[in-house]
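*Asks:* Sequence unavailable; structure follows:
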(Lines give C-alpha, C1' and ligand atoms only; values in the text may rest on other atoms or scores of the structure.)
Protein backbone atom coordinates (compact mmCIF):
# COMPACT_ATOMS: atom_id res chain seq x y z
CA UNK A 1 0.00 0.00 0.00
CA UNK A 2 1.28 3.44 -0.91
CA UNK A 3 0.74 6.42 1.35
CA UNK A 4 1.58 9.74 -0.25
CA UNK A 5 0.12 13.19 -0.12
CA UNK A 6 -1.31 14.72 -3.26
CA UNK A 7 1.66 17.10 -3.28
CA UNK A 8 4.10 14.18 -3.26
CA UNK A 9 2.31 12.40 -6.08
CA UNK A 10 2.16 15.67 -8.02
CA UNK A 11 5.97 16.03 -7.76
CA UNK A 12 6.49 12.43 -8.87
CA UNK A 13 4.31 12.98 -11.93
CA UNK A 14 6.16 16.22 -12.76
CA UNK A 15 9.44 14.30 -12.55
CA UNK A 16 8.05 11.57 -14.81
CA UNK A 17 7.10 14.19 -17.39
CA UNK A 18 10.61 15.61 -17.18
CA UNK A 19 11.99 12.12 -17.90
CA UNK A 20 10.11 12.30 -21.21
CA UNK A 21 12.45 15.11 -22.26
CA UNK A 22 15.18 12.47 -22.63
CA UNK A 23 13.26 11.07 -25.63
CA UNK A 24 13.88 14.42 -27.37
CA UNK A 25 17.53 14.95 -26.38
CA UNK A 26 19.78 13.58 -29.14
CA UNK A 27 23.16 11.95 -28.55
CA UNK A 28 25.17 14.82 -30.01
CA UNK A 29 28.53 13.13 -30.59
CA UNK A 30 27.23 11.42 -33.70
CA UNK A 31 26.58 14.80 -35.34
CA UNK A 32 30.36 15.16 -35.69
CA UNK A 33 30.40 12.35 -38.28
CA UNK A 34 27.32 13.56 -40.13
CA UNK A 35 24.52 11.54 -38.55
CA UNK A 36 21.63 13.98 -38.78
CA UNK A 37 19.18 12.16 -36.52
CA UNK A 38 21.09 10.14 -33.91
CA UNK A 39 19.44 8.10 -31.19
CA UNK A 40 18.00 9.88 -28.16
CA UNK A 41 19.40 9.74 -24.65
CA UNK A 42 16.35 7.66 -23.65
CA UNK A 43 17.05 5.12 -26.39
CA UNK A 44 20.69 4.92 -25.33
CA UNK A 45 19.79 4.56 -21.64
CA UNK A 46 17.25 1.81 -22.30
CA UNK A 47 19.72 -0.44 -24.09
CA UNK A 48 22.55 0.49 -21.70
CA UNK A 49 20.34 -0.65 -18.82
CA UNK A 50 19.78 -4.06 -20.36
CA UNK A 51 23.41 -4.39 -21.45
CA UNK A 52 24.33 -3.49 -17.88
CA UNK A 53 22.07 -6.20 -16.49
CA UNK A 54 23.63 -8.82 -18.77
CA UNK A 55 27.17 -7.65 -18.08
CA UNK A 56 26.52 -7.64 -14.32
CA UNK A 57 25.37 -11.27 -14.51
CA UNK A 58 28.56 -12.11 -16.40
CA UNK A 59 30.67 -10.32 -13.77
CA UNK A 60 28.80 -11.71 -10.75
CA UNK A 61 27.67 -8.37 -9.30
CA UNK A 62 24.24 -6.96 -8.39
CA UNK A 63 22.50 -6.79 -11.78
CA UNK A 64 19.52 -4.75 -10.56
CA UNK A 65 21.84 -2.11 -9.11
CA UNK A 66 23.86 -1.91 -12.33
CA UNK A 67 20.71 -1.58 -14.43
CA UNK A 68 19.48 1.26 -12.20
CA UNK A 69 22.84 3.03 -12.48
CA UNK A 70 22.68 2.83 -16.26
CA UNK A 71 19.18 4.30 -16.27
CA UNK A 72 19.98 7.08 -13.78
CA UNK A 73 23.38 8.32 -14.92
CA UNK A 74 22.11 10.45 -17.83
CA UNK A 75 18.93 11.83 -16.19
CA UNK A 76 20.54 15.25 -15.82
CA UNK A 77 20.66 15.56 -19.61
CA UNK A 78 16.93 16.35 -19.52
CA UNK A 79 18.13 19.73 -18.23
CA UNK A 80 21.70 19.98 -19.51
CA UNK A 81 21.36 18.31 -22.92
CA UNK A 82 23.97 15.88 -24.22
CA UNK A 83 27.42 17.36 -24.72
CA UNK A 84 29.80 15.46 -27.01
CA UNK A 85 33.43 14.84 -26.07
CA UNK A 86 34.72 17.74 -28.16
CA UNK A 87 32.56 20.06 -26.07
CA UNK A 88 33.95 18.52 -22.88
CA UNK A 89 37.33 20.03 -23.82
CA UNK A 90 35.88 23.46 -23.08
CA UNK A 91 33.17 22.91 -20.48
CA UNK A 92 33.52 21.01 -17.19
CA UNK A 93 30.26 19.19 -17.83
CA UNK A 94 30.88 16.57 -15.13
CA UNK A 95 30.77 19.22 -12.43
CA UNK A 96 27.29 20.30 -13.45
CA UNK A 97 25.77 16.85 -13.87
CA UNK A 98 25.40 16.10 -10.17
CA UNK A 99 24.11 19.61 -9.47
CA UNK A 100 21.42 19.25 -12.14
CA UNK A 101 20.46 15.77 -10.91
CA UNK A 102 20.26 16.98 -7.31
CA UNK A 103 17.89 19.78 -8.35
CA UNK A 104 15.82 17.36 -10.44
CA UNK A 105 15.38 15.08 -7.43
CA UNK A 106 15.00 17.65 -4.63
CA UNK A 107 11.20 17.42 -4.45
CA UNK A 108 11.00 13.64 -4.63
CA UNK A 109 10.55 11.40 -1.57
CA UNK A 110 13.77 11.08 0.42
CA UNK A 111 14.08 7.34 -0.22
CA UNK A 112 14.04 7.80 -4.00
CA UNK A 113 16.22 10.91 -4.04
CA UNK A 114 18.85 9.44 -1.73
CA UNK A 115 19.07 6.14 -3.62
CA UNK A 116 19.38 7.88 -7.00
CA UNK A 117 22.17 10.16 -5.74
CA UNK A 118 24.12 7.27 -4.19
CA UNK A 119 23.83 5.27 -7.41
CA UNK A 120 24.88 8.27 -9.51
CA UNK A 121 27.91 8.93 -7.29
CA UNK A 122 29.01 5.28 -7.40
CA UNK A 123 28.75 5.35 -11.19
CA UNK A 124 30.55 8.68 -11.58
CA UNK A 125 33.45 7.72 -9.32
CA UNK A 126 33.86 4.00 -10.13
CA UNK A 127 33.68 3.48 -6.35
CA UNK A 128 31.99 0.07 -6.53
CA UNK A 129 32.17 -3.00 -8.74
CA UNK A 130 28.65 -2.18 -9.90
CA UNK A 131 29.72 1.35 -10.87
CA UNK A 132 32.59 -0.03 -12.93
CA UNK A 133 30.30 -2.55 -14.65
CA UNK A 134 27.69 0.15 -15.32
CA UNK A 135 30.27 2.43 -16.93
CA UNK A 136 31.49 -0.47 -19.09
CA UNK A 137 27.87 -1.13 -20.08
CA UNK A 138 27.43 2.51 -21.10
CA UNK A 139 30.56 2.34 -23.27
CA UNK A 140 29.52 -1.03 -24.69
CA UNK A 141 26.14 0.39 -25.70
CA UNK A 142 27.92 3.19 -27.57
CA UNK A 143 30.11 0.60 -29.29
CA UNK A 144 27.00 -1.32 -30.37
CA UNK A 145 25.50 1.91 -31.71
CA UNK A 146 28.72 2.71 -33.58
CA UNK A 147 28.64 -0.73 -35.21
CA UNK A 148 25.02 -0.15 -36.28
CA UNK A 149 25.84 3.26 -37.74
CA UNK A 150 28.87 1.83 -39.56
CA UNK A 151 26.74 -0.97 -40.99
CA UNK A 152 24.35 1.73 -42.24
CA UNK A 153 27.15 3.47 -44.13
CA UNK A 154 28.63 5.80 -41.51
CA UNK A 155 32.04 4.09 -41.50
CA UNK A 156 33.62 6.86 -39.41
CA UNK A 157 31.54 5.63 -36.46
CA UNK A 158 34.06 2.81 -36.11
CA UNK A 159 36.52 5.39 -34.82
CA UNK A 160 34.58 5.07 -31.57
CA UNK A 161 35.80 1.47 -31.31
CA UNK A 162 39.44 2.55 -31.36
CA UNK A 163 38.78 5.23 -28.75
CA UNK A 164 36.77 3.04 -26.38
CA UNK A 165 38.72 -0.22 -26.47
CA UNK A 166 41.32 0.72 -23.81
CA UNK A 167 38.61 2.06 -21.47
CA UNK A 168 36.90 -1.24 -20.62
CA UNK A 169 37.73 -2.51 -17.14
CA UNK A 170 35.80 -5.79 -16.99
CA UNK A 171 36.60 -9.05 -18.71
CA UNK A 172 32.96 -9.42 -19.77
CA UNK A 173 32.94 -6.06 -21.55
CA UNK A 174 36.20 -6.89 -23.31
CA UNK A 175 34.81 -10.25 -24.42
CA UNK A 176 31.55 -8.75 -25.73
CA UNK A 177 33.39 -5.86 -27.39
CA UNK A 178 35.70 -8.25 -29.24
CA UNK A 179 32.66 -10.15 -30.53
CA UNK A 180 30.67 -7.09 -31.61
CA UNK A 181 33.62 -5.60 -33.51
CA UNK A 182 33.50 -8.48 -35.97
CA UNK A 183 29.72 -8.88 -35.99
CA UNK A 184 27.09 -7.75 -38.46
CA UNK A 185 24.54 -5.67 -36.56
CA UNK A 186 21.81 -7.18 -38.72
CA UNK A 187 22.78 -10.75 -37.93
CA UNK A 188 20.11 -11.08 -35.23
CA UNK A 189 17.29 -11.33 -37.78
CA UNK A 190 19.07 -13.16 -40.59
CA UNK A 191 18.10 -16.79 -40.72
CA UNK A 192 14.91 -16.42 -38.69
CA UNK A 193 12.26 -18.93 -39.69
CA UNK A 194 10.07 -17.59 -42.46
CA UNK A 195 6.36 -17.29 -41.86
CA UNK A 196 3.54 -17.42 -44.35
CA UNK A 197 4.10 -17.97 -48.05
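*Replies:* Right, received. Where do you want to start? Note that the structure is a prediction, hence the values are computed from the model and not measured.
*Asks:* Helices of this structure, residue ranges please.
*Replies:* Here the chain has its helices, by DSSP state H, at 6-20, 41-59, 63-72, 77-80, 85-88, 93-105, 110-125, 129-151, 159-164, 171-181.
*Asks:* got the end-to-end distance for stretch 73-88?
*Replies:* End-to-end distance for stretch 73-88, by C-alpha to C-alpha, to the nearest Å: 17 Å.
*Asks:* Name the residues of stretch 80-91 that come out as buried.
*Replies:* Buried positions in stretch 80-91, judged by neighbour count with 16 or more other C-beta atoms under 10 Å: 80, 82, 83. Using the backbone N, CA and C atoms, a C-beta is placed for each residue, glycine as well.
*Asks:* Could you identify the least confident member of the residues you listed?
*Replies:* Note: of the buried residues of stretch 80-91, the lowest pLDDT belongs to residue 83, at 80.
*Asks:* mind giving me JSON lines with the helices of the chain and columns for distance to residue 191?
*Replies:* Conversion of those to JSON lines gives the following (distance: least, C-beta to C-beta, whole Å):
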{"stretch": "helix 6-20", "distance to residue 191": "37"}
{"stretch": "helix 41-59", "distance to residue 191": "22"}
{"stretch": "helix 63-72", "distance to residue 191": "29"}
{"stretch": "helix 77-80", "distance to residue 191": "37"}
{"stretch": "helix 85-88", "distance to residue 191": "37"}
{"stretch": "helix 93-105", "distance to residue 191": "42"}
{"stretch": "helix 110-125", "distance to residue 191": "37"}
{"stretch": "helix 129-151", "distance to residue 191": "17"}
{"stretch": "helix 159-164", "distance to residue 191": "25"}
{"stretch": "helix 171-181", "distance to residue 191": "17"}
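*Asks:* Okay, now the unreliable bits of this protein?
*Replies:* Within the chain, the ranges that satisfy pLDDT under 70 run 1-2, 197.
*Asks:* Serialize the buried residues of stretch 80-91 to TSV and add fields for distance to residue 30.
*Replies:* As requested, the buried residues of stretch 80-91 are arranged in TSV below (distance: C-beta to C-beta, whole Å):
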residue	distance to residue 30
80	18
82	10
83	13
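*Asks:* and which of those residues is nearest residue 118?
*Replies:* Taking C-beta to C-beta as the measure, residue 118 lies nearest residue 80 of the buried residues of stretch 80-91, at 20.4 Å.
*Asks:* what's the neighbour count on residue 125?
*Replies:* 10 (other C-beta atoms under 10 Å).
*Asks:* re earlier: which of the buried residues of stretch 80-91 sits closest to residue 181?
*Replies:* Closest to residue 181, out of all of the buried residues of stretch 80-91 and judged by C-beta to C-beta, is residue 82, at 24.5 Å.
*Asks:* Setting aside sequence-adjacent positions, which residue approaches the closest one most closely?
*Replies:* Residue nearest to residue 82 in three dimensions, not counting chain neighbours: residue 28, with 4.7 Å by C-beta to C-beta, 6 or more residues apart in numbering.
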